[in-house]
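Student: coordinates for the following, if possible.
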Amino acid sequence: MKNDIHKFHLKLLSTPEANVLFAAGELDLGTSEEFRRMIEPLAAEDRIPLTLNMRELTYIDSTGIGILVSILKIRQAADAPFTLQEVPAKIRRLLDMTGLTKFLTLEGGGA
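Tutor: Alright, predicted model coming up:
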């Protein structure tokens, strides 16, 4: 059984100025639908900036990265901002290796 540090959690801070989604735990095939259900409607709100805070994200697999790519495409097509915030170093390396960092807006350093 996984301990709490690995469980996936999402928390939304929504204001008229921005939607900030906080992701914690492991984003993988088993948790990707929960993530998709939460972030896709936010991505469609193209007048409001969207930020994904990844400070407490411990793992992301190809399914999670695929969702990030689809959200990035939606936001770029609408000319709407999408920012990744506080990306942990090991996840940042993965984004670097896939070439995604050149298309993403990153804020703040990760651990």
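
Student: output the longest strand belonging to this structure.
Tutor: strand 50-60 (DSSP state E).

Student: partner strands of it, with direction?
Tutor: strand 19-27 (parallel), strand 82-85 (parallel) (DSSP bridges).

Student: counting contacts, what elements does the helix or strand just after the longest one pack onto?
Tutor: Note on strand 19-27: by DSSP states H and E, the next helix or strand toward the C-terminus is helix 32-44. In terms of contacts (3 or more CB pairs under 8 Å, 6 or more residues apart in numbering; DSSP states H and E), helix 32-44 is packed against strand 9-14, strand 19-27, strand 50-60, helix 62-77. (Glycine included, C-beta is placed from N, CA and C.)

Student: re the thing from before, can you pull the buried residues of the longest strand of the chain?
Tutor: 50, 51, 52, 53, 54, 57, 58, 59, 60 (16 or more other CB atoms under 10 Å).

Student: ok, the residues you listed vs residue 18, which is closest?
Tutor: residue 51 (6.2 Å; CB to CB).

Student: isn't that closest one right up against residue 83?
Tutor: Yes: applying CB atoms under 8 Å as the test, residue 51 and residue 83 come out as touching, 4.5 Å apart.
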